[in-house]
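Participant: Sequence first, then the predicted structure:
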Amino acid sequence: MDAKTLGHLEQQGVRVVAPETVHIDDNVNLAQIKGPNTVLHPGTRLSGDKLTILSGCEIGGETQATVDNCALGPQTTLKGGYFSGALFLRQSSMGSGSHVRAGTILEEEANGAHTVGLKQTVLLPFVTLGSLINFCDITMAGGTSRKDHSEVGSGYIHFNFTPFGKRGDKATASLIGDIPNGVMVRSKRIFLGGQGGLVGPLHVDYGSVLAAGFVYRHDYGSDQLVVGEALTPRSMPFSPLRYNRVRDKMLKNLTYIGNLVALRNWYQFVRLASGETEIQPLYQWGIQLLEGNIDERIKRLEQLAEAMPDSIDVLERSKKNGGPELADQKALAQHWPEMAQRLAESRNQPLNGSDSFQLFLEGLEKAKTQGQQYLEIIRALDDDAVTIGTRWLSDLVTAQVEPVMGYFPA
């Protein structure tokens, strides 16, 4: 780092430890690296014209860290690893050896320990990940504070790729908790025990505990303690071209998209309205990331639809001849263009003219008089505002699901 760059950062309250080992690309806007109390440790590499680092952040405290085009809110800690195209809100943190890729959002005080891989992962406030975790294509919520949070035990994997189709299939995003309830920071925590995994797409609801040491393949409702799943070892004929349970896969993916749409609207109409001028650009960044995540989920559904003709051919030549599954796959293959058009229309309808939305805004304005920071405002919402706001967000989810599912046979 040259003396001019170092002087500029020091004037902004940024401390650079061993500046001769710190590299900042020419495309970085130095005005967007801010103090006071921001620390860049030896081996830090910064790049990207959108890179934003706010006050009190600490980068590379345990090992070298590469941060490319990320946005870091106040008091974010990235102890070491590779971070690209991600958003970290106030007091979020990741341990050394992290590998965090595009589309990832860690909201307030969400965190991961060492050697965690994330991509298009959304963690709502306080969600905690242990070590040695691969948790891509997943959204997780639950909990009310750092002492009462949803958690994933060490050694956990979200299996987000299948062998189906000619190229494999990634229509596998999973929902742990949900957005309409999770953003209100009042939900029961969810615990996923260590040395385990989830085979996406699936949904686990609030208050449930999945015991350590098992791979789970099914949905679980609220307040369940689940100790493994029965899986009988067996061998059977297999064709990667033949899909099954396509209707269920579509329903889960549409629900996931609906939750992303709900969160996008939450950022637009709630977070941006909560004040904190310094944080506003980060919320805008979050909206862009969520739009990209929605695009990715729709792209994966399109690939699923494109795989249907081969699957239909296999089913029609089979002895069982498909039955309802065959009808579902034909519906997806035939109507995907209309389904995609419905998704394009509904994702851009914020339902901000609804009674529930307007009533919620009134409750939000009242809460803003009782708190300055985002979490303080949300915690100050009264019960009626929470109920009304949850209804508005739930309606947004439904608006993404019902029009598309209507194309499948009754």
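Facilitator: Sure, I can see it. Values in this document were obtained by computation on a predicted structure and should not be read as measured data.

Participant: Correct me if wrong, but residue 258 is in a helix.
Facilitator: Yes. Assignment of residue 258 by DSSP: H, G, I helix; E, B strand; the rest coil places it within a helix.

Participant: In contact with it, which residues?
Facilitator: Each residue near residue 258 by Cβ atoms under 8 Å, 6 or more residues apart in numbering is listed here: 396, 397, 398, 399, 400, 401. Every residue, glycine included, has its C-beta placed from N, CA and C.

Participant: Could you say which of the residues you listed is surrounded by the most neighbours?
Facilitator: Neighbour counts for the contacts of residue 258 (other Cβ atoms under 10 Å) peak at residue 396, which has 27 neighbours.

Participant: And the pLDDT for that one?
Facilitator: In this model, residue 396 is scored at 96, pLDDT.

Participant: just checking, it touches residue 351?
Facilitator: Yes. In this structure, residue 396 is within contact of residue 351 by Cβ atoms under 8 Å, at 5.9 Å.

Participant: what residues do those two have in common as contacts?
Facilitator: By Cβ under 8 Å, 6+ apart, the residues touching both residue 396 and residue 351 are residue 265.

Participant: Can you give me the pLDDT of the residue located most distally from the centre of the chain?
Facilitator: Here the chain reaches farthest from its C-alpha mean at residue 319, the gap being 41.4 Å by Cα atoms, centre = their mean. On pLDDT, residue 319 comes in at 74.

Participant: ditto for residue 365
Facilitator: Residue 365 carries a pLDDT value of 93.

Participant: And for residue 404?
Facilitator: At residue 404, pLDDT is 98.

Participant: Find the nearest non-adjacent residue to it, please.
Facilitator: residue 339 (4.7 Å; Cβ to Cβ, 6 or more residues apart in numbering).

Participant: List of residues touching the helix or strand hosting that neighbour?
Facilitator: When elements are assigned from DSSP states H and E, residue 339 belongs to helix 324-346. Contacts to helix 324-346, defined as Cβ under 8 Å, 6+ apart, come from residues 243-247, 250, 257, 261, 298, 301-302, 304-305, 308-309, 311-312, 315-316, 322, 399-400, 403-404, 407-409.

Participant: in that helix, what counts as buried?
Facilitator: Neighbour counts over helix 324-346 (16 or more other Cβ atoms under 10 Å) mark 325-326, 328-333, 335-336, 339, 342-343, 346 as buried.

Participant: Of the residues you listed, just say which sits nearest to residue 53.
Facilitator: For the buried residues of helix 324-346, the residue nearest residue 53 by Cβ to Cβ is residue 343; the value is 35.2 Å.

Participant: after the helix or strand bottoming out on mean pLDDT in the chain, next one along is what?
Facilitator: One helix or strand of the chain scores below all others by mean pLDDT, DSSP states H and E: helix 355-368, with a mean of 92. On the C-terminal side of helix 355-368, the nearest following helix or strand under DSSP H and E is helix 374-379.

Participant: which ones are touching the nearest residue to residue 175 once chain neighbours are set aside?
Facilitator: The shortest distance from residue 175 to any non-neighbouring residue, by Cβ to Cβ, 6+ apart, is to residue 203 (4.7 Å). For residue 203, the contacting residues are 174, 175, 176, 178, 219, 220, 252, 255, by Cβ under 8 Å, 6+ apart.

Participant: What lies in contact with the least confident helix or strand of the chain?
Facilitator: By Cβ under 8 Å, 6+ apart, helix 355-368 touches 269-270, 273-275, 350-351, 377-378, 380-382, 384-386, 388-389, 391-392, 395.

Participant: Just the buried residues of the contacts of residue 203.
Facilitator: Here, 16+ other Cβ under 10 Å leaves 174, 175, 176, 178, 220, 252, 255 buried among the contacts of residue 203.

Participant: which phi and psi does the fifth one have?
Facilitator: According to degrees, to the nearest 10, the main-chain angles of residue 220 amount to phi -140, psi 130.

Participant: which residues sit against stretch 23-30?
Facilitator: 1, 5, 8, 9, 12, 44, 45, 46, 47, 48, 49, 51.

Participant: Now which of the contacts of helix 355-368 would you call buried?
Facilitator: With burial judged by 16+ other Cβ under 10 Å, the buried subset of the contacts of helix 355-368 is 269-270, 274, 350-351, 377-378, 380-381, 385-386, 388-389, 391-392, 395.

Participant: What average pLDDT does whichever helix or strand residue 46 is part of get?
Facilitator: Per DSSP H and E, residue 46 falls inside strand 45-47. Averaging pLDDT along strand 45-47 gives 98.

Participant: Residues contacting that strand, please?
Facilitator: 22-25, 27-28, 33, 40, 53, 59, 64-69.

Participant: Restricted to strands, list those.
Facilitator: The strands, defined by DSSP state E, take in 23, 24, 40, 53, 59, 65, 66, 67, 68 from the contacts of strand 45-47.

Participant: Looking at the residues you listed, which is nearest residue 97?
Facilitator: Looking across the ones in strands among the contacts of strand 45-47 and measuring by Cβ to Cβ, the closest to residue 97 is residue 65, at 10.3 Å.

Participant: confidence score at residue 223?
Facilitator: Here, the pLDDT recorded for residue 223 equals 98.

Participant: Over to the residue nearest to it when sequence neighbours are not counted. Which of the three states is it?
Facilitator: Spatial nearest neighbour of residue 223, excluding adjacent residues (Cβ to Cβ, 6+ apart): residue 207 at 4.0 Å. Three-state assignment for residue 207 (three-state DSSP): coil.

Participant: Help me confirm that residue 207 comes into contact with residue 220.
Facilitator: No. Using Cβ under 8 Å, residue 207 is not in contact with residue 220; the gap is 10.0 Å.

Participant: picking that back up, Provide the strand pairings for the strand holding residue 46, with the direction of each partner.
Facilitator: Sheet pairing for strand 45-47, assigned by DSSP bridges, gives strand 23-24 (parallel), strand 65-68 (parallel).

Participant: From residue 141, how far out is the spatially most central residue of the chain?
Facilitator: Against the mean C-alpha coordinate of the chain, by Cα atoms, centre = their mean, the closest residue is residue 122 at 2.0 Å. Going from residue 122 to residue 141 by Cβ to Cβ, to the nearest Å gives 9 Å.
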